[in-house]
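K.L.:
give me coordinates for this.
(one chain, ligands or ions: 2)
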Amino acid sequence: MSGSRLDWRWYRLRFRAPLETAAGSLGTRRGILVSVATADGLVGLGDVAPWPGTEDRALPEAADWLAALRAVAEEGEGALRQALERVAAVTPGARAARAALETALLDVSAQRAGVPLAFWLRSSARSSVPVNALIGIADPERTVEAARAAVAAGFRALKLKVRIAASEVERVAAVRRAVGPEVQLRLDANASAAVAAALAFARAVAPLGIEYLEQPVGSLEELAALRRQSPVPLAADEVLAGPDELERALALGAADIVIAKLPLVGSVERLLDLAERCERAGIAVVVTSNLESAVGLVAALHVAAALPGNAERAHGLATAGLVEPLGREPVFQPLGGRLVLPPGPGLGLDRTMMLAGEEDG
Ligand SMILES: O=C(O)CCC(=O)c1ccccc1C(=O)O
Ligand SMILES: [Mg+2]
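P.N.:
Ligands and ions are numbered 1, 2, ... in the order given. So this is what the prediction gives:
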């Protein structure tokens with residue numbers, strides 16, 4: 001038999017505690033696990049994990065996009081690979097599905113070559129990646145406690161979710177006092193403020209030594225305007241969701257740092273190309289999870305390990321512990337502030353373990 005098989009299963013992740021952000025509180029998230037089984041007996045995996053909170057619209061788009069490729073997969077793996085290049089992925093759901101299918105096919109290729117996916121993508125990849133701890137919005141005491149615990153566990157970078165408000169400056173200052181001057185602090189405001197308020201906030205936190213302020217305002221134009229005056233470097237995240245937004249961000253000079261999430265970019269290979277371009281333009285790329293299952297998280301880890309640029313830059317991948325694992329999947333918990341690639345070929349996941357499990361979502 002020369003055909004391949006494309007399958008998928010809906011999942012639901014439950015947060016151990018709600019994650020509070022300036023854009024709202026997250027208690028669950030849904031996604032779709034994708035598998036490609038090849039004629040030579042390999043199984044590749046991918047994760048459809050659109051922006052949390054957009055699942056109602058994006059997951060049906062993703063499932064429709066996958067359904068259109070199921071018959072192509074039966075013609076064979078080669079036909080599926082060609083279709084992946086040809087078939088447009090216009091909607092956010094289709095882009096997340098495209099990222100998942102491409103991940104599954106790359107997983108298969110790297111397994112065939114007998115190397116971890118990161119090394120299949122780039123021979124000079126690294127086998128571990130520094131990561132930032134993620135701390136949601138909470139009162140100052142709990143924030144400081146979480147920051148101390150993260151530093152004690154070996155994290156050298158912390159990302160605090162913040163609101164753009166005068167009261168938040170004191171919370172950030174309390175963290176800086178608790179962790180000392182060496183730990184990197186990143187602040188993420190999730191597109192919640194206007195330019196004037198964001199500028200006042202940036203000026204107020206600048207003396208605390210902030211690595212960057214992530215997406216304080218909603219649009220690229222606002223980010224560009226803010227960046228002309230902000231004493232703190234700015235990162236673009238949710239504003240990059242569209243297919244051409246990174247081009248616009250570069251043209252506008254909207255960001256010092258680009259946050260790259262695989263389901264939003266829609267392609268591993270495109271993400272790596274964009275990262276090359278950003279690095280040449282002096283813009284740092286930080287890969288983050290999208291709060292997905294172990295499949296999407298480990299895919300992002302391989303991509304982060306294959307990125308060009310500073311190998312010691314921390315990425316936003318310390319999120320496995322925030323949610324209940326799906327069944328018996330491995331939990332990618334950082335050790336000493338780093339995530340280590342699983343040693344096996346491809347994504348390095350046990351395929352049978354990932355595919356067993358109830359449909360949910
Ligand atoms: O960057 C991290 O440390 C974790 C990832 C994260 O914060 C995130 C996860 C899902 C959706 C949005 C975001 C975000 O950066 O705003
Ligand atoms: Mg963000």
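K.L.:
buried set for stretch 108-116?
P.N.:
In terms of neighbour count (16 or more other C-beta atoms under 10 Å), stretch 108-116 has its buried residues at 108-111, 115-116. Using the backbone N, CA and C atoms, a C-beta is placed for each residue, glycine as well.
K.L.:
any figure for the gap between A110 and L349?
P.N.:
As for A110, its distance to L349 is 12 Å (criterion: C-beta to C-beta, to the nearest Å).
K.L.:
hmm, stretch 219-239 touching ligand 2?
P.N.:
Yes: Stretch 219-239 lies within reach of ligand 2 by C-beta under 5 Å from the ion, at D237.
K.L.:
give me the contact list for that stretch.
P.N.:
Contacts to stretch 219-239, defined as C-beta atoms under 8 Å, 6 or more residues apart in numbering, come from residues 51, 186, 188, 190-191, 194-195, 198-199, 202-203, 205-206, 210-218, 245, 248-249, 252-259, 261, 286, 288.
K.L.:
centre of the chain to it, how far?
P.N.:
Using C-alpha atoms, centre = their mean, to the nearest Å, the mean C-alpha position of stretch 219-239 is found 20 Å from that of the whole chain.
K.L.:
tell me who's in contact with L339.
P.N.:
L339 neighbours (C-beta under 8 Å, 6+ apart): 128-129, 131, 301, 317-318, 332.
K.L.:
need the max-distance pair from these.
P.N.:
The most widely separated members of these, counting by C-beta to C-beta, are S128 and A318 (12.9 Å).
K.L.:
of the two, which one has the most company?
P.N.:
Taking neighbours as other C-beta atoms under 10 Å, S128 and A318 compare with A318 leading, 28 against 16.
K.L.:
residues of this protein that sit close to ligand 2?
P.N.:
Neighbours of ligand 2 within the chain, by C-beta under 5 Å from the ion: 188, 214, 237.
K.L.:
so the first one sits against V162, correct?
P.N.:
In other words, D188. Yes: when contacts are counted by C-beta atoms under 8 Å, D188 is listed as touching V162 (6.8 Å).
K.L.:
which non-adjacent residue is nearest the residue in the chain positioned nearest to ligand 1?
P.N.:
Ligand 1 sits closest to G316 of the chain, with a gap of 2.3 Å, by C-beta to the nearest ligand atom. Once flanking residues are discounted, G316 sits nearest to T288: 3.0 Å by C-beta to C-beta, 6 or more residues apart in numbering.
K.L.:
where's the one you found relative to T103, distance?
P.N.:
T288 is 16 Å from T103, by C-beta to C-beta.
K.L.:
over to V205?
P.N.:
36 Å.
K.L.:
ok, these two, which is more surrounded?
P.N.:
The neighbour count for V205 versus T103, taken as other C-beta under 10 Å, is higher for T103 (31 against 21).
K.L.:
dihedrals phi and psi, that one?
P.N.:
phi -60, psi -40 (degrees, to the nearest 10).
K.L.:
what sits against it?
P.N.:
T103 makes contacts with 34, 44-47, 262, 268, 295-296, 299, 347, as judged by C-beta under 8 Å, 6+ apart.
K.L.:
reformat these as a markdown table; add pLDDT.
P.N.:
Shown next, in a markdown table, are the contacts of T103 (pLDDT from 0 to 100):
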| residue | pLDDT |
| --- | --- |
| V34 | 97 |
| G44 | 97 |
| L45 | 97 |
| G46 | 97 |
| D47 | 97 |
| L262 | 97 |
| V268 | 97 |
| V295 | 96 |
| G296 | 97 |
| A299 | 98 |
| L347 | 97 |
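K.L.:
and these, which two are the farthest apart?
P.N.:
Across the contacts of T103, no pair lies farther apart than G44 and L262, at 14.8 Å, counting by C-beta to C-beta.
K.L.:
quick one on the thing from earlier: number of residues surrounding the residue nearest to G316?
P.N.:
Neighbours of T288 using other C-beta under 10 Å come to 23.
K.L.:
please apply the same query to G78.
P.N.:
10.
K.L.:
wait, what's in contact with A147?
P.N.:
133, 135, 158, 160, 175, 178-179.
K.L.:
so it sits in a helix?
P.N.:
Yes: under DSSP: H, G, I helix; E, B strand; the rest coil, A147 sits within a helix.
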